[in-house]
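**Student:** I'd like to go over a predicted model; first the sequence, then the structure.
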Amino acid sequence: MERITVKNTVKSSANKVWELWSNPEHIVKWNTPSEDWYAPRAENDLRVGGKFLSRMEAKDGSFGFDFSGTYDEVVPQKRIAYTMDDGRKVEVDFKEQKGETEIVSTFDPETQNPIEMQRDGWQAILDNFKKYAENTN
């Protein structure tokens, strides 16, 4: 099955992007696809073999799930690779150039939802991260 790639460029340094991307205090503020969702908690042990968990819930209480997995590769300010608990692989690359950081996320799709829906959902979360990062001092 074809992998999915989403990307965005944040007007910020890789150091700041890395901090906002990996610190649970920040993750709970951006890790949602839309205003209808929120992330009540996040845990992150950012090292090879370390685990992460982000809880995502619909604000109306209708649905919620844990997004979790184990890190396979961690290169500070450059790359994170992990395996989700369902076995799917994800790579996130951070490329800083001229004070901006491009984030490219590539992942294995799951089989329950259409590819477009998955791409749109992951892109929406990345867009939300960009907005959060560019408005956080």
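**Tutor:** Cool, the structure landed.
**Student:** Let me see the mean pLDDT of the longest strand along the chain.
**Tutor:** Across the chain, the strand with the greatest residue count (assigned by DSSP state E) is strand 64-75. Strand 64-75 shows an average pLDDT of 97 in the prediction.
**Student:** Report the strands that pair with it, each with its relative direction.
**Tutor:** Here strand 64-75 has these sheet partners by DSSP bridges: strand 51-58 (antiparallel), strand 79-84 (antiparallel).
**Student:** Tell me which of the ones you listed sits nearest to Gly64.
**Tutor:** Checking the strands paired with strand 64-75 against Gly64 by CB to CB gives strand 51-58 as the closest, at 3.6 Å. C-beta coordinates here come from the backbone N, C-alpha and C atoms, glycine included.
**Student:** buried sites along that closest one?
**Tutor:** Of the residues in strand 51-58, 52-57 count as buried by neighbour count, 16 or more other CB atoms under 10 Å.
**Student:** Run through who's touching it.
**Tutor:** 27-28, 31-32, 36-46, 63-71, 82 (CB atoms under 8 Å, 6 or more residues apart in numbering).
**Student:** Show me the strands in this protein, by range?
**Tutor:** 4-10, 37-44, 51-58, 64-75, 79-84, 89-97, 100-107.
**Student:** JSON lines for these, including distance to Trp122?
**Tutor:** Formatted as JSON lines, these follow (distance: least, CB to CB, whole Å):
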{"stretch": "strand 4-10", "distance to Trp122": "5"}
{"stretch": "strand 37-44", "distance to Trp122": "13"}
{"stretch": "strand 51-58", "distance to Trp122": "12"}
{"stretch": "strand 64-75", "distance to Trp122": "11"}
{"stretch": "strand 79-84", "distance to Trp122": "12"}
{"stretch": "strand 89-97", "distance to Trp122": "9"}
{"stretch": "strand 100-107", "distance to Trp122": "6"}
